[in-house]
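# Dropping the sequence and predicted coords here.
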Amino acid sequence: MPLEKGTVGHTSGVAPLGATLASLRPVKVVLPDDGDVGAALRGARETLGLEVEDIALVTRVRAADLAAIEAFDLGALPSRPFAVGYVRAYARALGLDAEAVVARFKAEAPPPDGDLRAPAGLGYYTPRRWRWLAILALVVVAAVVAWNLSRRARIAPPRPHATLAVPRLGRPVGA
């Protein structure tokens with residue numbers, strides 16, 4: 001049976017690599033200046049007739065994070081570097097000037113004042129885990145030292161060599 005070399009349509013709902021959702025639709029989208037950048041992105045998405053899940057498939061950003069961007073709920077987003085990346089990916093998926101949208105987001109979002117927060121799903125080592133590993137290492141070192149000391153204590157000190165009895169020198173025998 002010969003191998004079919006035809007093209008495959010979009011059956012899985014995922015756009016081809018490098019494609020934006022806006023490039024798949026003939027509508028020209030302009031980002032409005034009124035409101036915050038999240039509302040403007042939502043308006044652009046709705047103009048294209050897309051759902052948040054469609055954008056999530058293309059950008060590989062969680063739909064909850066995209067909804068937080070649209071609501072401009074910065075507390076629900078991970079730290080600023082991740083949020084900026086999500087906004088950039090969202091703008092590209094809509095066919096907008098990503099750098100202009102990111103600049104607008106940075107201007108509207110207050111600068112970060114706290115620690116960096118990882119996006120959901122990323123793990124990290126907690127200090128408690130390191131503390132337990134350090135305690136375990138100390139216990140192992142103490143056990144090795146105790147074992148070496150006990151081996152040395154069990155070894156008996158060397159016995160003195162047997163000596164032959166030497167007669168006393170004095171007068172000659174028979175004199």
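Yep, it's here.

# okay, now the domains of this structure?
22-108, 124-154 (automatic domain parsing).

# Relative to residue 169, which of the ones you listed is closest?
domain 124-154 (42.8 Å; C-beta to C-beta). The way it works is simple: take the backbone N, C-alpha and C, and place the C-beta from them, glycine included.

# what comes up buried for the closest one?
Within domain 124-154, no residue qualifies as buried by neighbour count (16 or more other C-beta atoms under 10 Å).

# and the domains of the chain, which is most packed in?
Among the domains of the chain, domain 22-108 has the highest mean neighbour count (mean count of other C-beta atoms under 10 Å), at a mean of 17.

# circling back to that earlier point, kindly reformat the domains of the chain as a markdown table containing mean pLDDT and distance to residue 169.
Converted to a markdown table, the domains of the chain look like this (pLDDT from 0 to 100; distance: least, C-beta to C-beta, whole Å):
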| stretch | mean pLDDT | distance to residue 169 |
| --- | --- | --- |
| domain 22-108 | 86 | 96 |
| domain 124-154 | 83 | 43 |
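
# any chance of these in TSV, plus distance to residue 161?
Listed next are the domains of the chain as TSV, based on distance: least, C-beta to C-beta, whole Å:
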stretch	distance to residue 161
domain 22-108	77
domain 124-154	22
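
# Of all the ones you listed, which one is nearest residue 163?
Proximity to residue 163 (C-beta to C-beta) singles out domain 124-154 among these, at 27.6 Å.
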